[in-house]
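Engineer: my questions are about this predicted structure, shown below with the sequence.
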Amino acid sequence: NAGVTQTPKFRVLKTGQSMTLLCAQDMNHEYMYWYRQDPGMGLRLIHYSVGEGTTAKGEVPDGYNVSRLKKQNFLLGLESAAPSQTSVYFCASTRRTEDSPLHFGNGTRLTVT
Amino acid sequence: SQKIEQNSEALNIQEGKTATLTCNYTNYSPAYLQWYRQDPGRGPVFLLLIRENEKEKRKERLKVTFDTTLKQSLFHITASQPADSATYLCALDTGRRALTFGSGTRLQVQP
């Protein structure tokens, strides 16, 4: 049981390049999330999804797009990377039950130069 | 909007002592509050959840309290060990099932 798997683990982009981060979960969770974590700022929610084919904006959605074509996968896209998007990105998933805890992946460290 | 405040300064304590971490929030009281542990280079791991109608929750050496009057949760680790050294995050649901996290408090337990 792998839990939540994020790929890649590390990536360096040049300003203006695009990329997609992949999150996969094998727990049959309905809800999935993308957070970014910056020093001293904690985890901030980018986008989330409450089910296959649905997505919603979080606290810091600008510059990112997401898709949830399959229940087990949640993709985060950067169409034109900016240095301000240098961060560690975490994916998480949880069950539909209201107080279920989040299960996190181990993050993707992205540097935009 | 709901803001969560955790002490950004690291907490250094001696092995065997009790560590107490604080989480304050600013607006409405959430239905529940969660605590997570995060080790360097890893994602957060869930530890405990406490509901608004619960004053205290325990799990082994961990204890969480929830005071909706003070808008505060306290997280205690008794008989602390060097292996407890990590960053501890509190989180609450601000609606839409999207958890909002505090910035975390780093705990360092000295042997």
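Structural biologist: Alright, I've got the coordinates.
Engineer: quick one: classify the closest residue in space to residue A:68 that isn't next to it in sequence as helix, strand or coil.
Structural biologist: Excluding the flanking residues, the one nearest residue A:68 by C-beta to C-beta, 6 or more residues apart in numbering or on different chains is residue A:49, at 4.2 Å. Quick note: C-beta positions are derived from backbone N, CA and C, even for glycine. Assigned by DSSP: H, G, I helix; E, B strand; the rest coil, the conformation of residue A:49 is strand.
Engineer: just to check, residue A:49 is in contact with residue A:23?
Structural biologist: No. Between residue A:49 and residue A:23 no contact is recorded; they are 10.1 Å apart, counting by C-beta atoms under 8 Å.
Engineer: quick one, what contacts the residue nearest to residue A:68?
Structural biologist: A:31-33, A:55-56, A:66, A:68, A:74 (C-beta atoms under 8 Å, 6 or more residues apart in numbering or on different chains).
Engineer: check the residues you listed for burial and list the buried ones.
Structural biologist: The neighbour-count test (16 or more other C-beta atoms under 10 Å in any protein chain shown) applied to these identifies A:31-33, A:55, A:66, A:68, A:74 as buried.
Engineer: any chance of those in a markdown table, plus pLDDT and secondary structure?
Structural biologist: Compiled in a markdown table, these are given as follows (pLDDT from 0 to 100; DSSP: H, G, I helix; E, B strand; the rest coil):
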| residue | pLDDT | secondary structure |
| --- | --- | --- |
| A:31 | 95 | strand |
| A:32 | 96 | strand |
| A:33 | 96 | strand |
| A:55 | 96 | strand |
| A:66 | 98 | strand |
| A:68 | 97 | coil |
| A:74 | 98 | strand |
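Engineer: from these, which is closest to chain B?
Structural biologist: Sorting those by distance to chain B puts residue A:31 at the head of the list, at 6.0 Å, by C-beta to the nearest C-beta.
Engineer: closest point of chain B to chain A, which residue?
Structural biologist: residue B:43 (3.1 Å).
Engineer: ok, and the closest non-adjacent residue to whichever residue of chain A sits closest to chain B?
Structural biologist: Closest residue of chain A to chain B, C-beta to the nearest C-beta: residue A:104 (3.1 Å). Sequence neighbours aside, residue B:43 is the residue nearest to residue A:104 in space, at 3.1 Å (criterion: C-beta to C-beta, 6+ apart).
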